[in-house]
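In: sequence and predicted structure are below.
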Amino acid sequence: MDFGVVLQTNPPAARTIQLAKLAEAHGFNHVWTFDSHLLWQEPYVIHSAILAETKRVTVGPFVTNPATRDWTVTASVFATLNEMYGNRTICGIGRGDSAVRVTNGKPVTMSELRESIHVIRELGNSRAVEYNGATVRFPWSRGSELEVWVAAYGPLALKLTGEVGDGFILQLADLDIAAWMIKTVRDAAANVG
């Protein structure tokens with residue numbers, strides 16, 4: 001069984017890095033951080049330092065979003081970190097909540113979320129993809145491996161998660177609602193094979 005920890009990237013960044021090292025020392029497999037650039041420090045800079053000071057944990061945002069970050073830049077971050085530290089990154093993504101709320105923005109549509117997951121996954125796995133009418137690929141990326149896990153709550157987002165996600169991020173404690181959400185994701189995944 002895998003265990004993960006979610007850390008806020010509050011200053012000082014050195015504390016977040018130390019907590020990640022402690023998580024690895026205590027057997028955790030994943031270290032996740034929030035990604036709301038106006039509320040907390042920049043996670044990807046901190047991810048690089050965590051990866052440099054650990055040996056085996058997988059690191060990623062819990063969660064990023066396609067509204068405040070260009071999809072190709074997001075994919076480049078993961079492919080770069082994977083090249084530097086081995087394939088030890090994971091992308092948690094959602095429609096956008098705290099990162100867009102503080103700027104009076106709106107979460108992306110389901111269609112935009114679906115497309116962003118596709119673009120980030122393909123580029124993050126060293127593959128070419130269609131983006132804004134062009135075929136793009138990182139010519140320097142070889143062998144990068146990236147899973148994209150999706151955070152979802154409502155029925156449509158849960159269905160999308162089952163259809164395209166490599167994993168499901170559930171932040172909820174109510175057992176009945178969690179059971180319904182998990183079943184919805186599993187049913188959607190089964191329907192697409």
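Out: Thanks, I have it.
In: need the contact list for residue 33.
Out: When contacts are counted by CB atoms under 8 Å, 6 or more residues apart in numbering, residue 33 touches 6-9, 16, 40, 43, 46-47, 59-62. In short, each C-beta sits where N, CA and C put it, glycine included.
In: can you pull the pLDDT of it?
Out: For residue 33, the pLDDT comes out at 97.
In: do the one 10 residues further on as well
Out: According to the per-residue confidence, residue 43 scores 97 in pLDDT.
In: I'd like to know how many residues surround it.
Out: 26 (other CB atoms under 10 Å).
In: how near is the residue lying closest to it once chain neighbours are set aside to residue 105?
Out: Nearest non-adjacent residue to residue 43, counting by CB to CB, 6 or more residues apart in numbering: residue 33, 4.4 Å away. Per CB to CB, to the nearest Å, residue 33 is found 21 Å from residue 105.
In: ok, now residue 69?
Out: 12 Å.
In: neighbour count: these two, which is higher?
Out: With neighbours defined as other CB under 10 Å, residue 69 and residue 105 compare such that residue 69 has more, 21 against 13.
In: that one is in what secondary structure piece?
Out: Of the helices and strands defined by DSSP states H and E, none includes residue 69.
In: make sure residue 185 is indeed in a helix.
Out: Yes: according to DSSP: H, G, I helix; E, B strand; the rest coil, residue 185 belongs to a helix.
In: what number of residues lie near residue 184?
Out: Counted with other CB under 10 Å, the neighbours of residue 184 add up to 20.
In: hang on, residue 135 in a strand?
Out: Yes: under three-state DSSP, residue 135 sits within a strand.
In: that one: what's it in contact with?
Out: Per CB under 8 Å, 6+ apart, neighbours of residue 135: 128-129.
In: look up how far residue 122 lies from it.
Out: According to CB to CB, residue 135 stands 10 Å off from residue 122.
In: common neighbours of the two, please.
Out: With CB under 8 Å, 6+ apart, residue 135 and residue 122 have common neighbours 128-129.
In: can you list the residue ranges for strands in the chain?
Out: Assigned by DSSP state E, the strands in the chain fall at 4-7, 30-33, 58-61, 90-93, 129-131, 134-136, 147-151, 167-169.
In: so which bits of the last one are buried?
Out: Neighbour counts using 16 or more other CB atoms under 10 Å place 168-169 of strand 167-169 among the buried residues.
In: given that strand, what are its sheet partners and their directions?
Out: Taking DSSP bridges as the criterion, strand 167-169 pairs within the sheet with strand 147-151 (parallel).
In: what's opposite the residue nearest to residue 43 in the beta bridge?
Out: Note on residue 33: beta-bridge partners residue 7, residue 61, judged by DSSP bridges.
In: from residue 27, how far out is it?
Out: From residue 33 to residue 27 the distance is 19 Å (CB to CB).
In: got a list of what the nearest residue in space to residue 169 that is not next to it in sequence touches?
Out: Closest residue to residue 169 apart from its sequence neighbours, by CB to CB, 6+ apart: residue 151 at 3.9 Å. For residue 151, the contacting residues are 62-63, 92-94, 169-171, by CB under 8 Å, 6+ apart.
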